[in-house]
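A.B. asks: pasting the sequence and the predicted model now:
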Amino acid sequence: MKNVLIVGAGRLGKGFVGETFDNAGWNITFLDKDPRVSEELLKHGCYYVKVHRVDEIQNRTVKNFQAFTCDEAYSCMEAFLETDVIVLPLYPEDFEEAAEYLAKCFEEFFKVHPERKLTMICITNKNYLIPGITEAFKKDLSQDARNWFDQNVVIRDSIIRRSTDASSNYDVHIDTVAVNSLLIQQPVNNDISDVEWMELTDKIEMLKDIKVIAVNGPHATLAYMGYLKGYHTIPESEADPEIAQVVKEVVEELTEAVMKEYPITPEELHNLVYFAPAQGVLPDSIYRVGYDPIRKLSKGDRLTGAAQLCLKHGVCFDAIAKGMAAGFKYAEPRDANAQKLQKEIKELGIGQAVCKYTGLEPDSPIVQRVIEEYNR
Ligand SMILES: NC(=O)C1=CN([C@@H]2O[C@H](COP(=O)(O)OP(=O)(O)OC[C@H]3O[C@@H](n4cnc5c(N)ncnc54)[C@H](O)[C@@H]3O)[C@@H](O)[C@H]2O)C=CC1
Ligand SMILES: O=P(O)(O)OC[C@H]1O[C@](O)(CO)[C@@H](O)[C@@H]1O
């Protein structure tokens, strides 16, 4: 049987990656730095995933797994030494710490199985992270292990096209929408062709830029505008006619700009960004979709990146600016970066804050439009 190690056993780790590899008959090992994750998994002995597919809702119970915390005793070591594939559904800021912890495991793997190959798949919505992640994983290795790592381990980026939510990262009840595959940069070192929803592709960086703008831009707009109206879930926001109209315009604006910028046909774009309707309603939280407005409003990311493309190609970005302005008003108390942003806006004023967090110049027409919308 093949073995997958899932580093980051939160919503996506359990609800997508764990459930999917379990379905394909792989051995699953979870590793998480938050002790509550393995405590909950081991207490229940299983976890539950409601998989919203196009044709049905499947209620899956996943029972066959091991779960470890990133402890000092390295209780995960034995399982690590048997792994074939390592999937890392982590937030961008968490890779460095994961790499530091896992250095000892790679060092041991190299000693015990120098002939084996490994594939690592990173799951985030942030593009161009792989060189930095690779450096982080090699940083604490001995020279011999580093040479082995270069020859035997590949670290691949991916494009995630599904929403998976739960009340917390350690909740054992998870909802996921399964209508699109995970696109993974090829080639990989290990055969994953037996696992549903895993699809190898080329041109990952271009496709990821497009996907983050075209899927996550409108999604972030739903979150930020919905928050301002007091909603808690994305379906509530989608049902609001005023928000729905802005989001429709956001899609029109960014689609025109994307088609002008990238060598992609309308059919290819549709295949990349279309989510077929699934059965049931995923109660996706505004908290999760809006999470970390500092990243989401940064240059090149889902909203500012969309506005930049529009500006470059002479396309109107009025609706995108509305989404961005709502992002600058997002004050969710549980979101540390939303709080940080609000504090900076108070201290610097909205004009300077927009420049600082979008990375754009004060005379940029995007900055001007966002400030107008913010003050409206
Ligand atoms: N949930 C979703 O629908 C989607 C999530 N993503 C991305 O996937 C990534 C994971 O998202 P979620 O699963 O929703 O987050 P989550 O917060 O539910 O899970 C992340 C888990 O990683 C663990 N973790 C953090 N640092 C760690 C470390 N150094 N070692 C081991 N474990 C560590 C946390 O304790 C947490 O349990 C993020 O980059 C997110 O942007 C992207 C698209 C969809
Ligand atoms: O995972 P992030 O980058 O914080 O943003 C959340 C976004 O990711 C997704 O979960 C999938 O791309 C969307 O549902 C949502 O818009």
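C.D. replies: Alright, I've got the coordinates. Ligands and ions are numbered 1, 2, ... in the order given.
A.B. asks: and residue 148, what's its pLDDT?
C.D. replies: With respect to pLDDT, residue 148 has a value of 98.
A.B. asks: surely it meets residue 113?
C.D. replies: No. Under the criterion of CB atoms under 8 Å, residue 148 makes no contact with residue 113, lying 9.9 Å away. C-beta coordinates here come from the backbone N, C-alpha and C atoms, glycine included.
A.B. asks: neighbour-wise, which of the two wins?
C.D. replies: residue 148 (21 against 15; other CB atoms under 10 Å).
A.B. asks: that one - that's part of a helix, no?
C.D. replies: Yes. Counting by DSSP: H, G, I helix; E, B strand; the rest coil, residue 148 is part of a helix.
A.B. asks: next one: it from ligand 1, what distance?
C.D. replies: Look at residue 148 and ligand 1: by CB to the nearest ligand atom, to the nearest Å, they are 22 Å apart.
A.B. asks: contacts only, for that residue.
C.D. replies: Residues counted as contacts of residue 148 (CB atoms under 8 Å, 6 or more residues apart in numbering) are 110, 114.
A.B. asks: what's the distance between it and ligand 2?
C.D. replies: On the measure of CB to the nearest ligand atom, residue 148 and ligand 2 end up 33 Å apart.
A.B. asks: also residue 320?
C.D. replies: Taking CB to the nearest ligand atom, one finds residue 320 at 15 Å from ligand 2.
A.B. asks: name the helix or strand for that residue, please.
C.D. replies: helix 318-328 (DSSP states H and E).
A.B. asks: what does residue 175 give?
C.D. replies: strand 173-177.
A.B. asks: what packs against the next helix or strand after that strand?
C.D. replies: On the C-terminal side of strand 173-177, the nearest following helix or strand under DSSP H and E is strand 182-185. When contacts are defined as 3 or more CB pairs under 8 Å, 6 or more residues apart in numbering; DSSP states H and E, strand 182-185 packs onto strand 118-123, strand 153-159, strand 198-201, helix 204-211.
A.B. asks: how about a markdown table for the ones you listed, with mean pLDDT added?
C.D. replies: Output for the helices and strands packed on strand 182-185, formatted as a markdown table (pLDDT from 0 to 100):
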| stretch | mean pLDDT |
| --- | --- |
| strand 118-123 | 98 |
| strand 153-159 | 98 |
| strand 198-201 | 98 |
| helix 204-211 | 98 |
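A.B. asks: now render the ones you listed as TSV, adding distance to ligand 2 and mean neighbour count.
C.D. replies: Below are these laid out as TSV (distance: least, CB to the nearest ligand atom, whole Å; neighbours: other CB atoms under 10 Å):
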stretch	distance to ligand 2	mean neighbour count
strand 118-123	9	22
strand 153-159	8	21
strand 198-201	15	17
helix 204-211	7	20
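A.B. asks: report how many residues lie close to the residue in the stretch 51-200 of the chain that ligand 2 sits nearest to.
C.D. replies: In the stretch 51-200 of the chain, the residue that lies nearest ligand 2 is residue 125 (3.2 Å; CB to the nearest ligand atom). Residue 125: 19 surrounding residues under other CB under 10 Å.
A.B. asks: that one belongs to a helix?
C.D. replies: No. Secondary structure of residue 125 (three-state DSSP): coil, not part of a helix.
A.B. asks: hang on, residue 108 packs against residue 76?
C.D. replies: No. Here residue 108 lies out of contact with residue 76, judged by CB under 8 Å, at a distance of 11.0 Å.
A.B. asks: tell me which of these two has more neighbours.
C.D. replies: Taking other CB under 10 Å, residue 108 and residue 76 do not tie; residue 76 has more neighbours (25 against 15).
A.B. asks: list the contacts for residue 8?
C.D. replies: When contacts are counted by CB under 8 Å, 6+ apart, residue 8 is found next to 31, 32, 88, 89, 90, 94, 98.
A.B. asks: which pLDDT value goes with it?
C.D. replies: With respect to pLDDT, residue 8 has a value of 98.
A.B. asks: please renumber so the chain begins at 7
C.D. replies: Fine by me, first position is 7 from now on; the one you just mentioned is residue 14.
A.B. asks: identify the residue nearest it in space, chain neighbours excluded?
C.D. replies: residue 96 (4.1 Å; CB to CB, 6 or more residues apart in numbering).
A.B. asks: my read is that that neighbour contacts residue 15, right?
C.D. replies: No. Taking contacts as CB under 8 Å, residue 96 lies outside contact range of residue 15: 10.2 Å.
A.B. asks: between the two, who's got more neighbours?
C.D. replies: Shown here are residue 96 and residue 15; by other CB under 10 Å, residue 15 has more neighbours (30 against 22).
A.B. asks: host element of the residue nearest to the more buried one when sequence neighbours are not counted?
C.D. replies: Among residues not flanking residue 15 along the chain, residue 36 sits closest, at 3.7 Å (CB to CB, 6+ apart). Here residue 36 sits within strand 33-38, counting by DSSP H and E.
A.B. asks: distance from that strand to the middle of the chain?
C.D. replies: 19 Å (CA atoms, centre = their mean, to the nearest Å).
A.B. asks: run through the residues of the stretch 7-156 of the chain sitting next to ligand 1.
C.D. replies: The stretch 7-156 of the chain comes close to ligand 1 at residues 13-19, 37-40, 43, 76, 95-97, 100, 103-104, 129-131, as judged by CB under 6 Å from any ligand atom.
A.B. asks: which strands or helices does the longest helix seen in the chain pack on?
C.D. replies: Across the chain, the longest stretch assigned as helix under DSSP state H is helix 247-267. Under the contact criterion of 3+ CB pairs under 8 Å, 6+ apart, helix 247-267 touches helix 223-234, helix 240-244, helix 272-279, helix 310-318, helix 324-334.
A.B. asks: what are the buried residues along that helix?
C.D. replies: 249, 252-253, 255-257, 259-265, 267 (16 or more other CB atoms under 10 Å).
A.B. asks: with pLDDT and distance to ligand 1 added, can I get the residues you listed in a markdown table?
C.D. replies: Below are these laid out as a markdown table (pLDDT from 0 to 100; distance: CB to the nearest ligand atom, whole Å):
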| residue | pLDDT | distance to ligand 1 |
| --- | --- | --- |
| 249 | 98 | 20 |
| 252 | 98 | 22 |
| 253 | 98 | 18 |
| 255 | 98 | 24 |
| 256 | 98 | 19 |
| 257 | 98 | 19 |
| 259 | 98 | 23 |
| 260 | 98 | 18 |
| 261 | 98 | 21 |
| 262 | 98 | 25 |
| 263 | 98 | 23 |
| 264 | 98 | 19 |
| 265 | 98 | 24 |
| 267 | 98 | 23 |
